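Engineer: quick one, fold the following:
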Amino acid sequence: MSQPTRILLSLLAGLAVGAALAAFSPQWGLTIAGWAQPVGQAWLNGLQMTIVPLVIALLITGVTATAEAAAAGRLAGRAIAMYVALLFCSALLAALLTPLLLKIAPLPQESAASLRAALTGAERIGPVPPLGEFLAAIIPANIVKAAAENAFLSLIIFSLVFAFAITRVAAESRALLTNFFVAVRDVMLVVIDWVLWIGPVGVFALALVVGAKAGTGAFGALFHYILIVSAVGLVITLFAYPAAVIGGRIGLGRMFRAALPSQAVALSTQSSLATLPVMIEGAEEVGVPVAVSGVTMPLAVAIFRSTGPAMNFAVAIYVAEWFGVPMHPATLLVGAVVATLTSLGSVSLPGTVSYVSAISPVAATIGAPITPLGLLVAVETLPDIMRTVGNVTWDLATTIWLSRKAGSQQGSGDAVLRHEA
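Structural biologist: The predicted structure follows:
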């Protein structure tokens with residue numbers, strides 16, 4: 001049985017036991033919830049202790065790897081520029097779409113209140129300061145203090161500056177520093193794997209507390225969360241079709257047929273990497289030469305997760321709405337930037353790992369608590385299917401787009417040569 005399945009089953013079992021206790025003996029339910037709370041909180045603390053070093057290491061290694069890939073060739077550089085722009089557009093769309101969906105289908109106030117009461121310690125991080133203070137505070141005067149206070153935006157800015165500085169030093173120093181942060185990343189992934197291995201115990205304890213205090217309403221609230229976040233991913237996925245039709249100049253039917261085999265593999269494996277051979281075949285069917293898809297497809301799988309910023313940001317906005325955190329346009333804009341950067345840094349990680357490392361900085365930036373993520377990660381298996389399907393669809397669409405652009409530029413160059421001749 002896979003790790004995500006074990007965690008999901010533990011969540012369902014914990015909610016069921018807690019809800020049963022709440023129905024038949026509320027007093028006993030609260031007593032047992034009091035015993036389970038420290039167990040769940042200890043597991044959650046273990047999960048959170050990995051976030052700061054993991055985020056820093058992922059950003060630094062991600063930026064340096066992206067810079068190296070961009071320098072490898074003109075097509076790779078053009079692809080990376082497109083990927084970063086689309087990731088930011090993905091996050092911006094979530095900033096507009098998620099609040100709209102929550103207005104159309106809001107989380108029932110009774111369920112929201114019960115869940116807030118059940119998640120002990122899940123306090124909002126604090127009021128968002130005025131814009132001037134906010135802009136001044138994002139430059140960390142003390143990086144150690146910023147790390148201790150989970151000031152993720154300051155940590156991200158420092159990590160980006162540090163990463164770009166690494167690309168400007170001598171090759172020997174660059175390799176030394178990059179290898180150091182690769183080692184930090186790998187060690188933290190081992191630690192988080194250990195924490196997730198005992199995840200069923202921690203999630204069961206957290207879910208039991210929620211079930212005992214919120215009752216059966218917790219099931220409906222989690223189902224509502226899955227629908228909202230998955231709906232955001234679905235919209236992002238659907239935008240890939242007009243992008244391929246307009247940018248790649250192919251018919252909608254051809255794009256649909258080319259994407260279908262990759263989507264089927266994505267549904268069954270939840271792995272973009274596993275779909276790579278099928279995606280290359282699909283691109284070849286619509287006229288993309290292997291010389292192009294052989295460069296852009298592996299690059300897209302490695303650094304481009306189109307649904308990542310949108311769905312990660314949707315989770316953060318959902319939690320913010322859940323806990324009554326006000327969302328202002330400036331806050332959403334900054335959140336979109338952070339969602340883009342953390343998505344770029346969290347590539348090629350297992351879903352449960354990237355969920356925590358990518359969403360925590362976004363949630364903290366907009367003032368939402370990160371404690372609920374320990375519970376929501378248990379149902380990530382279902383939205384992750386939507387993430388993977390969206391990612392492979394966009395990988396194919398951008399490859400077709402880049403191929404047509406490269407072909408048109410090549411045709412223009414040939415025309416110039418013929419004219420000169």
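Engineer: hey, where'd the helices end up in the stretch 101-250 of the chain?
Structural biologist: Applying DSSP state H, counting those that start in this stretch to the stretch 101-250 of the chain gives helices spanning 109-118, 131-137, 143-148, 152-166, 171-197, 199-214, 217-238, 240-248.
Engineer: so where is the stretch 251-400 of the chain shaky, pLDDT-wise?
Structural biologist: Residues of the stretch 251-400 of the chain meeting the criterion pLDDT under 70: 345-353.
Engineer: now do the stretch 51-200 of the chain
Structural biologist: In the predicted model, the stretch 51-200 of the chain carries pLDDT under 70 at residues 69-73, 117-138, 150.
Engineer: 80 instead?
Structural biologist: Counting by pLDDT under 80, the stretch 51-200 of the chain has low-confidence residues at 59, 62-63, 65-77, 108-143, 145-153.
Engineer: which residues does stretch 221-230 contact?
Structural biologist: Outside stretch 221-230, the residues within contact range by C-beta atoms under 8 Å, 6 or more residues apart in numbering are 11, 15, 98, 101-102, 105, 107-108, 111-112, 115, 214, 311, 314-315, 318, 376, 379, 382-383, 386. All C-beta atoms are positioned from the backbone trio N, CA, C, and that covers glycine.
Engineer: just the buried subset of those residues, please.
Structural biologist: When those are checked for burial by 16 or more other C-beta atoms under 10 Å, the buried set is 11, 15, 98, 101-102, 107, 111-112, 115, 214, 311, 314-315, 318, 376, 379, 382-383, 386.
Engineer: tally of neighbours for V201?
Structural biologist: V201: 16 surrounding residues under other C-beta atoms under 10 Å.
Engineer: who touches it in this structure?
Structural biologist: Contacts for V201 (C-beta under 8 Å, 6+ apart) come out as S10, V39, W43.
Engineer: so P372 touches W322, yeah?
Structural biologist: Yes - at 7.1 Å, P372 counts as touching W322 under the criterion of C-beta atoms under 8 Å.
Engineer: what is in contact with the two at once?
Structural biologist: Shared contacts of P372 and W322, defined by C-beta under 8 Å, 6+ apart, are found at L115.
Engineer: is it true that G211 touches L15?
Structural biologist: Yes - at 4.2 Å, G211 counts as touching L15 under the criterion of C-beta under 8 Å.
Engineer: which neighbours do the two share?
Structural biologist: Shared contacts of G211 and L15, counting by C-beta under 8 Å, 6+ apart, come down to A218.
Engineer: circling back: from the contacts of V201, which is closest to R257?
Structural biologist: Set against R257, the nearest of the contacts of V201 by C-beta to C-beta is S10 (40.3 Å).
Engineer: can I get the helices of the stretch 101-250 of the chain in CSV including distance to T66?
Structural biologist: Output for those, formatted as CSV (distance: least, C-beta to C-beta, whole Å):
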stretch, distance to T66
helix 109-118, 38
helix 131-137, 26
helix 143-148, 22
helix 152-166, 9
helix 171-197, 12
helix 199-214, 31
helix 217-238, 21
helix 240-248, 22
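Engineer: for those helices, which one sits closest to A300?
Structural biologist: Nearest to A300 among those is helix 240-248; the distance by C-beta to C-beta comes to 11.9 Å.
Engineer: show me how far that closest one is from its chain's centre.
Structural biologist: Centroid separation between helix 240-248 and its chain, computed with C-alpha atoms, centre = their mean, to the nearest Å, is 24 Å.
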